[in-house]
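1. Predicted model and sequence follow; I will ask about them next.
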Amino acid sequence: MGVAFLVVLAVIVLAILFFVSIYNKLIQLKNRFKNAFAQIDVQLKRRYDLIPNLVETAKAYMKHEREVLEAVIKARNQATAAADKASADPSDAAAIQGLIGAESMLSGTLGRLFALVEAYPDLKANQNMMQLSEELTSTENKVSFARQAFNDAVMQYNTSREVFPNVIVANMFAFGEAQLFELKEEEERAVPKISF
């Protein structure tokens, strides 16, 4: 009776250790994609900080384009609010979807702004505008790289939580599916073209 009890106890302890290791791995992967989102958040905040300077520079030259300038600021403010909500909980799929939508709107309004800038040669030649545009392009590239790292971390987490026996632990402890940060439209995927 003593040996059978020890064997059963050993099996129970091994099973518990096995489930604890799965739980810990899921926590590691969840923290990894949250950290990857933090990198996106840093670049988005930099981008959002550049946009008002860009609009102010353009405002002096584009007095008759007030509607576009206001649309850029409005889209920037909506994207900032969506980014704040998403950074509070990167595992909230609705918050990530909201950020994706806000980013799409911001990219569209920035595209309209840069299309209008083409019609103003003095603005295109403005040193401050050229520098801001270069910084924005660099930031857009960094956002793309950070988004790819985030999506890789999310994919690894989602795959790990879906395989057997991890799915049992994931369901027991409510490890939900993480949302990829994917832009739907081709023009949203492209970095805004800024050339002067």
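-> That came in fine, so what should we check first? Residues are numbered from 1 along each chain as shown.
2. which regions of this structure lie under the pLDDT threshold?
-> Judged by pLDDT under 70, the chain has its weakly predicted residues at 1, 184-196.
3. Longest helix of it, counting residues only.
-> Looking across the chain with DSSP state H, the single longest helix is helix 2-61.
4. For residue 143, which three-state class applies?
-> For residue 143, the secondary structure call by DSSP: H, G, I helix; E, B strand; the rest coil comes out as helix.
5. Give me the nearest residue to it, chain neighbours excluded.
-> Of all residues not flanking residue 143 in the chain, residue 43 sits nearest, at 4.5 Å (Cβ to Cβ, 6 or more residues apart in numbering). Every residue, glycine included, has its C-beta placed from N, CA and C.
6. now do residue 30
-> residue 157 is the one closest to residue 30 (Cβ to Cβ, 6+ apart), at 5.9 Å.
7. now residue 167
-> The shortest distance from residue 167 to any non-neighbouring residue, by Cβ to Cβ, 6+ apart, is to residue 161 (6.7 Å).
8. which residues touch residue 158?
-> By Cβ atoms under 8 Å, 6 or more residues apart in numbering, the contact list for residue 158 reads 177, 178.
9. my read: residue 173 touches residue 22, true?
-> No: contact criterion Cβ atoms under 8 Å: residue 173 and residue 22 do not qualify, at 9.6 Å.
10. With neighbour numbers in mind, choose between these two.
-> Neighbours were tallied for residue 173 and for residue 22 using other Cβ atoms under 10 Å; the higher tally belongs to residue 22 (22 against 13).
11. for that one, what are its contacts?
-> 165, 166, 169.
12. All good on my end, thank you.
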